[in-house]
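[1] sequence and predicted model, in that order:
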Amino acid sequence: MGEQNSKAVDDKARLKFTRNLLDDIEALELMLQNGEIESGITRIGAEQEFCLVNENWRPTDNALSILEKINDHHFTTELAKYNLEINLDPEELRGGAFSKVESQLTSLLEKARIAATEESTKILLTGILPTISTNELSIDYMTPMPRYYALNQMLRSLRGSDFRLNLFGVDELSIKHNSVMFEACNTSFQMHLQINPNEFAENFNWAQAIAGPVLGICANSPLLLGRELWAETRIALFQQSIDTRGVSKALKDQPSRVAFGDNWVSGSIADLYKNEIARHKVVLTRDFEKNALSELSEGRCPKLEALSLHNGTVYSWNRPCYGVSNGRAHIRIENRYIPAGPSVIDEIANFAFWIGLMVGRPSEFDNIHSQMDFKDAKSNFIKAARNGKESIMSWMGELITVKSLIIEKLLPICRTGLLEMKINASDINRYLNIIEQRAEGTSGNQWIINNYRSLKNKMKNDEALVSLVSQMHQNQLTNLPVNEWPNLTGPVVKNQNPTKVGHVMTTQVFTAYSSDTAELTLSVMKWKSIHHLPIVDKNGKLVGLLTQTHVRNFKADNADSSEEITVENIMVTNIKTTGTSTTIESAISLMKKLEIGCLPVTQKDELVGIITIKDLINYDYE
């Protein structure tokens, strides 16, 4: 997430920051003209984001204390208190580079596991944690760093209203949220490739062209809040969770800060940066002690801190990056669309596949615009996010499945590229075989969906999610690739009772309006075997409750009446409610005290579920 001492923008700060930003662009162009950007060497690097879960397989809030216990400069914070990030050391692309990355990542994850275990916490690699709920998306779970609060403040200010999520897959998710915390659901494995500055456009365009099929074979984030959405839900979720664009009655084009792009690029990396500066407002600033042009004139290599900070708030899925290492400037392409997990070996296989494709680009694709329409590349990316490996790609004028495209066309390119970089043949075979077997067999999102559906046939939704996460964790410890993961045949979590009302409540609730006829409403209760029926107004606000007692009394009192009676005449209006974050023990205590059989569950005065004695009979709470 970048520099932690950043702050929100006011007019004075914006003017000062803009001056630094323009100076950084000028300094970058001078360095490009004078050949001061490193060339002729290829390095790779990666960032590993991961989740922290408690003994009940739900998000924790102890990332900072675990980070302190780890005490290693490779680790840093993320937006939420239940995520951390590892920054791996760069490796020159040759020999056993990928084995070295895997070894270091495994070692650092083990270090994190040891520290986490001391706090009864486990670590998990997953694109979206299936057990995350709206309780963990409150501002209370934001990591207390100035940058995160400033980013939230500025993005909310630019939007001028709450953020809105509208995601449609097998299920639907439509919700408003008052912060950027939905972005914290996204956990990725970000991959970096250093490139020669004079080949920037060719490399960046090729990265865009291959993004669709690469994402398709790597997708593993199909669940959010218990809903089946996209194969890689992170793509839509990330864009909408920090979308500053408003909706009006006017039809107008507004650029998103999270985007794939609108066309093939041309020119240098500086030209692409100029385009992003022109399209996106400054949202974060900070004070700089050094001026890039002054440093350059004094023979030092500038860090271009203003440019890097602004670039860090423009979230392109393939991001251009400038950096300084050992006193030399370099440029990289950062792949931001690959999810964390399912296992370490899966991630390194994804890494080898992407890098091999990048360095193995056939010469006929140097001018990709002559071979492929940009809209095809963008369409492929969206299709892959929606459907994963099951997508049909448009590749150089041909319609082809992801499986066929990878096996017949892309893996040969990848293998050639890695061989040309003199990567060890054993590593090439090991990692690329995983990609091929995944194409032939089961991908990450397919394993999750298949097992989630199977579990839901045997248990409640929350139990299924908990069992799913528990098995994902167990499989990750074996470091088997996901295509070799066994399917679940039943619940795998014992004696892990849910703790909050939101974990066990019924969410698909039948309701009625107070103006509905009592006869129809009571008929519905009979047809659907409903014992407790919430009554809501047109805005979804709870206004009353009907129970089977009301049914019996209504029938007795109106056996001979011909008058039309509405629900309003017989419903109870003095209703006790609870919230999703209420502990189950508290809810049971209240139900016993009041001698009632149910509690409607509300958020922001809107009905979101109901909890009854029936919901609790499978647990040891009574």
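    Here it is on my side, so go on.
[2] output the host helix or strand of residue 116 as PDB, nothing but the C-alphas.
    Element membership of residue 116, judged by DSSP states H and E, is helix 97-117. In PDB, the C-alpha atoms belonging to helix 97-117 read as follows (Å, rounded to 0.1, in the frame of the first residue of the first chain):
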ATOM      1  CA  ALA A  97      15.500 -18.400  -9.800                       C
ATOM      2  CA  PHE A  98      12.000 -19.800  -9.200                       C
ATOM      3  CA  SER A  99      13.200 -22.500  -6.800                       C
ATOM      4  CA  LYS A 100      14.900 -19.700  -4.800                       C
ATOM      5  CA  VAL A 101      11.800 -17.600  -4.700                       C
ATOM      6  CA  GLU A 102       9.800 -20.700  -3.600                       C
ATOM      7  CA  SER A 103      12.300 -21.500  -0.900                       C
ATOM      8  CA  GLN A 104      12.400 -18.000   0.500                       C
ATOM      9  CA  LEU A 105       8.600 -17.700   0.400                       C
ATOM     10  CA  THR A 106       8.200 -21.000   2.200                       C
ATOM     11  CA  SER A 107      10.700 -20.000   4.800                       C
ATOM     12  CA  LEU A 108       9.100 -16.600   5.500                       C
ATOM     13  CA  LEU A 109       5.600 -18.100   5.600                       C
ATOM     14  CA  GLU A 110       6.900 -20.600   8.200                       C
ATOM     15  CA  LYS A 111       8.300 -17.700  10.200                       C
ATOM     16  CA  ALA A 112       4.900 -16.100  10.100                       C
ATOM     17  CA  ARG A 113       3.200 -19.300  11.100                       C
ATOM     18  CA  ILE A 114       5.400 -19.700  14.200                       C
ATOM     19  CA  ALA A 115       4.700 -16.100  15.300                       C
ATOM     20  CA  ALA A 116       0.900 -16.500  14.500                       C
ATOM     21  CA  THR A 117       0.700 -19.700  16.500                       C
END
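[3] what's it packed up against?
    Contact partners of helix 97-117 among helices and strands, from 3 or more CB pairs under 8 Å, 6 or more residues apart in numbering; DSSP states H and E: strand 43-53, helix 63-70, strand 83-87, strand 91-92, strand 122-124, helix 344-359, helix 425-440. For the C-beta atoms, the positions are set from N, CA and C on the backbone; glycine is no exception.
[4] can we see that at 7 Å?
    strand 43-53, helix 63-70, strand 91-92, strand 122-124, helix 344-359, helix 425-440 (3 or more CB pairs under 7 Å, 6 or more residues apart in numbering; DSSP states H and E).
[5] how does the protein divide into domains?
    Residue ranges for the domains of the chain, per automatic domain parsing: 44-244+316-440, 444-484, 501-616.
[6] got a list of what residue 375 touches?
    Neighbouring residues of residue 375 by CB atoms under 7 Å, 6 or more residues apart in numbering: there are none.
[7] show me what secondary structure element comes after whichever strand or helix holds it.
    Assigned by DSSP H and E, residue 375 belongs to helix 374-387. Following helix 374-387 in sequence order, the next helix or strand is strand 392-395 (DSSP H and E).
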